[in-house]
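Novice: give me coordinates for this.
(chains A, B, C and D)
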Number of protein chains: 2
Amino acid sequence: MNRGTRGEQKRSITLTDVARLAGVSVATASKALNGRRQVRAETRERVLAAAESLSFTPNPFAQALNMPKSGTVGMLTSDLDGRFALPILMGAEDAFGSGATSVLLCDARGDAERERRHVATLLARRVDGLIVVGSRTDPRPSLGQQLPVPVVYAYAPSEDDADVSFVPDNVRGGALAVEHLVAGGRRRIALLAGDADYAAARDRVAGVRAALHDAGLDLVGGAETYGEWSEAWGRQAADALLTENPDVDAVLCGNDQVARGALETLRERGRRVPEDVWVAGFDNWEVLTASSRPPLTSVDMNLEELGRTAARHLFHAIDGERHGGIVTLPVRLVIRETTGDVRV
Amino acid sequence: MNRGTRGEQKRSITLTDVARLAGVSVATASKALNGRRQVRAETRERVLAAAESLSFTPNPFAQALNMPKSGTVGMLTSDLDGRFALPILMGAEDAFGSGATSVLLCDARGDAERERRHVATLLARRVDGLIVVGSRTDPRPSLGQQLPVPVVYAYAPSEDDADVSFVPDNVRGGALAVEHLVAGGRRRIALLAGDADYAAARDRVAGVRAALHDAGLDLVGGAETYGEWSEAWGRQAADALLTENPDVDAVLCGNDQVARGALETLRERGRRVPEDVWVAGFDNWEVLTASSRPPLTSVDMNLEELGRTAARHLFHAIDGERHGGIVTLPVRLVIRETTGDVRV
DNA sequence: CTGAAAGCGCTTACAG
DNA sequence: CTGAAAGCGCTTACAG
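Specialist: Have a look, this model is predicted:
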């Protein structure tokens, strides 16, 4: 352990230093650095060189005091716990970070009061906009229309149509999965839908039903089954399914955890996957899909791209253009061995 | 879709407005609001009331221009992908968020050049300090001693002893696990250690060996086995283990993925868990441990607390007190049914 | 094209 | 205890 105190915070380089070194006024230095056109090329060069040689970084607080934007946005997550927020964060951070915008992160931990306080803090910090990331696709309360900056909602849409929200297209995801199963010759398809409490579960079901209808098919057993988002429920539901409908030739599962459970039961009851039964899940959660036996086909919600899109939209909204409504973003099917793709 | 343009950005309330309403000078208003003592109680009340009634929020940029601190810290993650960063983020955000500090988030995506740019951006924004969150516990390059603000490293320690780093105590974690197995009467303990490339794997092995030595035992097969962090490797390694050492009565696994694989193989080769063989993993990754058959005992790295601790330390460092070195933080064993705890 | 001046919204010596 | 003044580091009309 070495101890010590922070050395004298050496006064940082200011525009005045740059101007002096370049032999111009601060006004001119400012214009040169900001690319204003009323500066002779040669002068601009001199200022730029001076700034460079002094490693000048403009004080953002002084700048913000003179300009309408702060160059920061607030990212408000409701629940960093949930695995869905993370890829969205990455996408958004990526979109912002590549520009001159920095991201202030706040996590509300599922607490409305905490969220309210965080919004207040972010506004007090003069963020230029807000991106609100939810942990499930069920609509959430709006922050309201009275905020002084634009807001976009990602993953969890706002209940208010006047807000802009970006959500993955779960309905289309359900349809995609079914189309793949049908194209593979599956005709007796069952759906273990997961937790009916979640809009994601119900939307996926809707897509599945529509696509089956288009194919002239019905769900095995006449309807989907609801339960929990867990391997345990997947095992149990698959067990009941095999007992009641032993002729099933595909099991579509509401998410990857359910699918993992179903896969296990199928194997233990002597069904070969994919030879006898095809299986697919939703979310494409790598840790579950990659190492299962066999690797699991799953619908990927493209969350990173969703985050990126929401961030880009916020940019445009900050620049003045606004509109409301829920925008549904494309998802994609990742095909692995549980549906016949026999690699390695 | 409704369209519209942002209304006139109404001039926000300034200290001048507050002062006018309270009938004092801005100087006095400032002092009253900041709790300076040279203000008559009655005057202070009046100012506070005025500020309250106008919903005054001091402009942070104007404040920052006059004060040594900005009230923001930078959080630099190397890889938001990795599941380890998230709980650390939560803990840190929690510690900062409860104070008056806001967090600027940057993700380097494992790219050193990108990291360098982010550090520059954060410093340009005048953060008061930096918290660097790694994705594995192997030492990483220091950001150097020349930065104008204090830095703490979390999860991935800095290579430079002059820096402060907080890491989970993987060695102790290994020992904890062994002590539990031994207390449960296990004597023929095997270790499927995971990826030898990771310091976490090697540290856990060191703890396991030390604790076994203390108990007068040796690893089954004479040594641990190395491979990958995956269920697939866990299955394969467990298979080899049972063939070579059929009398094993406990399988300790380098992480939860390996443990899940091992559990599967044990079940399929007719070993009952925990009756015949105990199994435990590391990381306590809920999605893997909770729903396995049976639920998996695992060493929890207390990452959220680690994040909180690192954040608190950064606070103190910002306030001037500095020291260096790697600080190792306690981990804990979460006992579930794979080691005999027979709850529901 | 260049610069002196005013101003952004606050804080803090310094006088009263 | 209170306030006029200077200053934080920048930007932007406004004159030259």
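
Novice: could you list the low-pLDDT ranges of chain A?
Specialist: By pLDDT under 70, the weakly predicted segments of chain A are A:1-10, A:81-82, A:341-344.

Novice: redo that, cut-off 80
Specialist: In the predicted model of chain A, residues A:1-11, A:79-83, A:97-99, A:320-323, A:341-344 satisfy pLDDT under 80.

Novice: residue ranges of each domain in it, please.
Specialist: A:15-66, A:72-168+A:303-331, A:170-300 (automatic domain parsing).

Novice: any idea how far residue A:94 is from residue A:151?
Specialist: According to Cβ to Cβ, to the nearest Å, residue A:94 and residue A:151 sit 20 Å apart. Yep, even glycine has a C-beta here, placed from its N, CA and C like the rest.

Novice: for those two, indicate the residue with more neighbours.
Specialist: residue A:151 (22 against 17; other Cβ atoms under 10 Å in any protein chain shown).

Novice: report the contact partners of the more buried one.
Specialist: Residues in contact with residue A:151 (Cβ atoms under 8 Å, 6 or more residues apart in numbering or on different chains) are A:129, A:130, A:131, A:132, A:143, A:163, A:164, A:314.

Novice: could you pull out the helices for the stretch 201-344 of chain A?
Specialist: With DSSP state H, counting those that start in this stretch as the criterion, the stretch 201-344 of chain A has helices at A:231-244, A:256-268, A:286-289, A:303-318.

Novice: got the residues of the stretch 101-250 of chain A near chain B?
Specialist: A:102-107, A:109, A:118, A:121-126, A:148, A:150, A:162, A:230-232 (Cβ under 8 Å from any Cβ of the partner chain).

Novice: just those residues: which are in strands?
Specialist: Counted as lying in strands by DSSP state E, out of these, are A:102, A:103, A:104, A:105, A:106, A:107.

Novice: export these to TSV and tack on distance to residue A:213 and neighbour count?
Specialist: TSV is the format used below for those (distance: Cβ to Cβ, whole Å; neighbours: other Cβ atoms under 10 Å in any protein chain shown):
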residue	distance to residue A:213	neighbour count
A:102	48	25
A:103	43	23
A:104	47	21
A:105	44	24
A:106	44	24
A:107	41	24
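
Novice: would you mind finding the most buried of the helices of the stretch 201-344 of chain A?
Specialist: Ranked by mean neighbour count, those are led by helix A:256-268 with a mean of 24 (mean count of other Cβ atoms under 10 Å in any protein chain shown).

Novice: is it positioned near chain B?
Specialist: Yes: judged by Cβ under 8 Å from any Cβ, helix A:256-268 and chain B are in contact via A:257, A:261, A:264.

Novice: helices and strands around that helix, which ones?
Specialist: With contacts taken as 3 or more Cβ pairs under 8 Å, 6 or more residues apart in numbering or on different chains; DSSP states H and E, helix A:256-268 sits against strand A:189-194, helix A:231-244, strand A:250-253, strand A:278-282, helix A:286-289.

Novice: among these, which comes closest to DNA strand C?
Specialist: Set against DNA strand C and scored by Cβ to the nearest atom of the strand, those come closest in helix A:286-289, at 47.7 Å.

Novice: what helices and strands are in contact with that closest one?
Specialist: In terms of contacts (3+ Cβ pairs under 8 Å, 6+ apart), helix A:286-289 is packed against helix A:256-268, helix B:286-289.

Novice: which residue, other than its chain neighbours, is closest to residue A:226?
Specialist: Nearest residue to residue A:226 in three dimensions, chain neighbours excluded: residue A:196, at 3.9 Å (Cβ to Cβ, 6 or more residues apart in numbering or on different chains).

Novice: swap in residue A:124?
Specialist: residue B:57 (4.5 Å).

Novice: who touches the one you found in this structure?
Specialist: Counted by Cβ under 8 Å, 6+ apart, residue B:57 has contacts A:123, A:124, B:12, B:13.

Novice: swap the cut-off to 10 Å and go again
Specialist: A:120, A:121, A:123, A:124, A:125, A:126, B:12, B:13, B:14, B:51 (Cβ atoms under 10 Å, 6 or more residues apart in numbering or on different chains).

Novice: out of these, who's the most crowded?
Specialist: For the contacts of residue B:57, the largest number of neighbours (other Cβ under 10 Å) sits with residue B:51, at 22 neighbours.

Novice: Three-state assignment for the closest residue to it other than its chain neighbours, please.
Specialist: The shortest distance from residue B:51 to any non-neighbouring residue, by Cβ to Cβ, 6+ apart, is to residue B:18 (4.9 Å). With DSSP: H, G, I helix; E, B strand; the rest coil as the basis, residue B:18 sits in helix.
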